[in-house]
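Novice: sharing a sequence plus its predicted fold:
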Amino acid sequence: MTAVLAPFTAIGRSVIALMTMIGSVALFVWGAVSHIFRPPFYGREFLSALFNIGWLSLPVVGMTAIFTGGALALQIYDGSSRFSVESVVPQIVAIGMVRELGPVLVGLMVAARVTSSIAAEIATMKVTEQIDALVTLSTHPMKYLAAPRVLAAVLVVPALVGIGDIIGIYGGFLVATENLGFNPATYVRNTADFLQLNDIVSSLVKGAVFGGIAAVMGCYYGMNSGRGAQGVGQATKSSVQAAAVLILAANFLLTSLFFSS
């Protein structure tokens, strides 16, 4: 009888562990968001996070976007040539970058670069008892460590997404005009005429959500890391994995919300 019930017991434990983690993350998000709007405000920490998340992420975002836009133009041209509709390259590159590839790739790059950095930094602070020192000094760790980083990510990642969209479209423009024989003026006009306000708004909203996810996962796993170097490494790895999966899941939900009709 025990052998028969063993699989169900394992499933039950997994479900309980999953629900416990979801509840823990939800409470953490609520705590981080609530501390954003309550004094005191740590402006120096906020500006430092803004610089680290935004400015220092520009090179990797720009390189990722321009190569993605160029590759997308080549792929669309090759596929559309089979149906003799090569003229759709500007429109498809624009909508592909703005609606999907731009926000998702920027979100994943931020998760790889920023989430891992935040998790490693906070986990190291926990291991070296710096977080305990903050509590001793009557400084709330959530307000000092999590709130500024979450707020900075929510504000600056949409800007990164917008820049990534522009660079990606420009990458497609370069490939199309230099290698595929497109007229530059016609390409720009087709791109501008095809994009709609809803496409741009959805891209920026996705950026804000993805930035929040990346920062929250870094802070959550950093503050809940185990002791020692192994705990820091595990927190860093788990934070990036969780952020990447949640970003892709959130992308699906937001796409369904904006474009379900």
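Specialist: Okay, I see it. Remember, predicted model here, so these are calculated numbers, not experimental data.

Novice: so which elements touch the helix or strand harbouring Val150?
Specialist: Per DSSP states H and E, Val150 falls inside helix 147-178. Packing contacts for helix 147-178, counted by 3 or more Cβ pairs under 8 Å, 6 or more residues apart in numbering; DSSP states H and E, involve helix 2-36, helix 43-53, helix 58-81, helix 89-95, helix 102-110, helix 184-194, helix 197-223. All C-beta atoms are positioned from the backbone trio N, CA, C, and that covers glycine.

Novice: need the winner for burial among those.
Specialist: helix 102-110 (a mean of 25; mean count of other Cβ atoms under 10 Å).

Novice: if we can go back for a sec, next, the angle from the helix holding Val150 to helix 43-53.
Specialist: Orientation of helix 147-178 against helix 43-53 (axes from the mean of the first three to the mean of the last three Cα atoms, to 10 degrees) gives an angle of 30 degrees.

Novice: begin at 42 from now on, thanks
Specialist: I'll keep to 42 as the first residue from here, and by that count the last item is helix 188-219.

Novice: pull out the buried residues from helix 188-219.
Specialist: Buried residues in helix 188-219, counted by 16 or more other Cβ atoms under 10 Å: 188-214, 216-218.

Novice: quick one: low-confidence ranges for this protein?
Specialist: Within the chain, the ranges that satisfy pLDDT under 70 run 42-47, 49, 302.

Novice: adding distance to Leu294, write the helices and strands packed on helix 188-219 out as a markdown table.
Specialist: Putting the helices and strands packed on helix 188-219 into a markdown table (distance: least, Cβ to Cβ, whole Å) gives the following:
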| stretch | distance to Leu294 |
| --- | --- |
| helix 43-77 | 15 |
| helix 84-94 | 23 |
| helix 99-122 | 23 |
| helix 130-136 | 19 |
| helix 143-151 | 13 |
| helix 225-235 | 25 |
| helix 238-264 | 9 |
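
Novice: nearest to Ala160, of those?
Specialist: When the helices and strands packed on helix 188-219 are compared by Cβ to Cβ, helix 238-264 sits nearest Ala160, at 4.3 Å.

Novice: how far away from the center of its chain is the closest one?
Specialist: What separates the centre of helix 238-264 from the centre of its chain is 5 Å, taken as Cα atoms, centre = their mean, to the nearest Å.

Novice: and after it, which helix or strand comes next?
Specialist: Under the assignment DSSP H and E, the closest C-terminal helix or strand after helix 238-264 is helix 269-300.

Novice: and that next one, how far out from the chain middle?
Specialist: 8 Å.

Novice: in it, what counts as buried?
Specialist: Here helix 269-300 shows 272-273, 275-277, 279-281, 283-285, 287-288, 291-292, 295-296, 299 as buried, counting by 16+ other Cβ under 10 Å.

Novice: tell me the angle of it relative to helix 143-151?
Specialist: With the same axes, to 10 degrees defining the directions, helix 269-300 sits at 170 degrees from helix 143-151.

Novice: who are the packing partners of helix 269-300?
Specialist: Helix 269-300 packs on helix 143-151, helix 157-168, helix 238-264, going by 3+ Cβ pairs under 8 Å, 6+ apart.

Novice: which residues touch the first one?
Specialist: Same thing as helix 143-151. With contacts defined as Cβ atoms under 8 Å, 6 or more residues apart in numbering, helix 143-151 is touched by 94, 98, 101-102, 105-106, 109, 194, 198, 201-202, 205-206, 209, 244, 247-248, 251-252, 254-255, 285, 288-289, 292.

Novice: quick one: closest of the helices and strands packed on helix 269-300 to Pro80.
Specialist: Using Cβ to Cβ, the helices and strands packed on helix 269-300 put helix 238-264 closest to Pro80, at 19.8 Å.

Novice: nearest to Asp173, of the helices and strands packed on helix 188-219?
Specialist: helix 238-264 (11.8 Å).

Novice: quick check: angle from the closest one to helix 43-77?
Specialist: Using the same axes, to 10 degrees, the inter-axis angle of helix 238-264 relative to helix 43-77 is 110 degrees.
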